[in-house]
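Asker: Curious how this folds, go ahead:
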Amino acid sequence: LAEYTTFKIGGPAKYFCLAKNQKDLMGAIFFAKKTKLPFFILGNGSNLLVSDKGYEGLVIKTGRPLSLYISKGLEWAAGIPGTIEGAVRGNAGAFGGEMKDSVKEVETFDAKSQKVKIFKNKDCQFSYRGSIFKKNPNLIILSVKIKSKKSDPQKIKEYLKYRNIHHPKQPSAGSIFKNPEKIRAKDLIEEAGLKGRTIGGAQISEQHANFIINLGGAKAKDVLGLIDLAKKEVKNKFGIKLEEEIKLLGKF
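Answerer: Okay, here's the model as predicted:
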């Protein structure tokens, strides 16, 4: 699965399906439910760490690029390599903007009841990097309606420029940890003296301490080692418990 993630890390899936449309997606889910096979919906793999052992189930790749929505009022999303479905699920955000501010309606398929359900914005239970869809993995997002408005091209340029300067170019999963209240995770990790710390082929980025980068040939266990190190050092020095923003898939 390494080639399907922005980290470029991960073993194989037992079964893999590329769902090009809603019919493919629902067909794959029906197959998984009928055969009692665990399944995972994979978007762009941009907020994900896959186990070196892979995934003992069906991985269904689907989703629409978030970049298609940047011109419709989602300037803050410029440069984020995700899907609109994944962004809604995790209530993605940057530069003061969040998905919850733009979502009008979400169409889902409930894999448990096997029924299509519509969620209005108020029903989505959006929170910091969370939603009802993240809490309930049975709710598969089929489509998203957003409150469309014209984007500011100047802001898009500014946000892209910021990311190009401050975010590492090497393969990564974006921000590893959620920001605690009133302080950024990157500052805590940096002040703990962990910038540039390396385990195997993985490194806590010298450019942005809340990014772990793949220097080449990194394993999931290398990344996990750095995650555990950062959590331990930050807890010891500041008494703050860091919480992962990324999703782990497979056995670790």
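
Asker: so is the residue lying closest to Ala230 once chain neighbours are set aside in a helix, a strand, or just coil?
Answerer: Distances taken as C-beta to C-beta, 6 or more residues apart in numbering put Ile189 closest to Ala230, at 5.3 Å, once the chain neighbours are dropped. In short, each C-beta sits where N, CA and C put it, glycine included. Put simply, Ile189 is helix when judged by DSSP: H, G, I helix; E, B strand; the rest coil.

Asker: ditto for the one 5 residues further on
Answerer: Local secondary structure at Leu194 is given as coil here, using three-state DSSP.

Asker: buried sites along stretch 187-203?
Answerer: The neighbour-count check on stretch 187-203 (16 or more other C-beta atoms under 10 Å) flags Leu188, Ile189, Glu190, Ala192, Leu194, Lys195, Arg197, Ile199, Ala202, Gln203 as buried.

Asker: Next, the residues that contact it from outside, please.
Answerer: With C-beta atoms under 8 Å, 6 or more residues apart in numbering as the test, stretch 187-203 has contacts from 177, 180, 204-206, 209-210, 212-219, 221-223, 225-226, 229-230, 233-234, 237-238, 240, 242.

Asker: Now do it: distance from first to last residue.
Answerer: Terminal residues of stretch 187-203 lie 16 Å apart, using C-alpha to C-alpha, to the nearest Å.

Asker: Would you pull up how far that stretch lies from the middle of the chain?
Answerer: For stretch 187-203, the gap between its own C-alpha mean and the chain's C-alpha mean amounts to 21 Å (C-alpha atoms, centre = their mean, to the nearest Å).

Asker: Looking at the buried residues of stretch 187-203, which one is closest to Phe30?
Answerer: Checking the buried residues of stretch 187-203 against Phe30 with C-beta to C-beta, the nearest one is Ala202 at 37.8 Å.

Asker: Distance-wise, check the closest one relative to Ile176.
Answerer: Computed as C-beta to C-beta, to the nearest Å, the Ala202 to Ile176 distance reads 11 Å.

Asker: do Lys23 as well
Answerer: Distance of Lys23 to Ile176, computed by C-beta to C-beta: 36 Å.

Asker: Who's the closest spatial neighbour of Gln170, skipping the chain neighbours?
Answerer: Using C-beta to C-beta, 6+ apart and skipping residues adjacent in sequence, the residue nearest Gln170 is Ile213, 4.0 Å away.

Asker: swap in Lys235?
Answerer: Per C-beta to C-beta, 6+ apart, closest to Lys235 is Lys241, 5.8 Å.

Asker: For the one you found, which residues are in contact?
Answerer: Contacts of Lys241 by C-beta under 8 Å, 6+ apart are Lys231, Val234, Lys235.

Asker: Now the buried members of those.
Answerer: Here, 16+ other C-beta under 10 Å leaves Lys231, Val234 buried among these.

Asker: how about the contacts of Lys241 in a markdown table, adding distance to Ile29?
Answerer: Output for the contacts of Lys241, formatted as a markdown table (distance: C-beta to C-beta, whole Å):
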| residue | distance to Ile29 |
| --- | --- |
| Lys231 | 34 |
| Val234 | 39 |
| Lys235 | 39 |
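
Asker: one step back: quick check: of the buried residues of stretch 187-203, which lies closest to Leu37?
Answerer: Nearest to Leu37 among these, counting by C-beta to C-beta, is Ala202 at 30.8 Å.

Asker: Confirm Ser175 sits in a helix?
Answerer: No - counting by three-state DSSP, one finds Ser175 to be coil, located in no helix.
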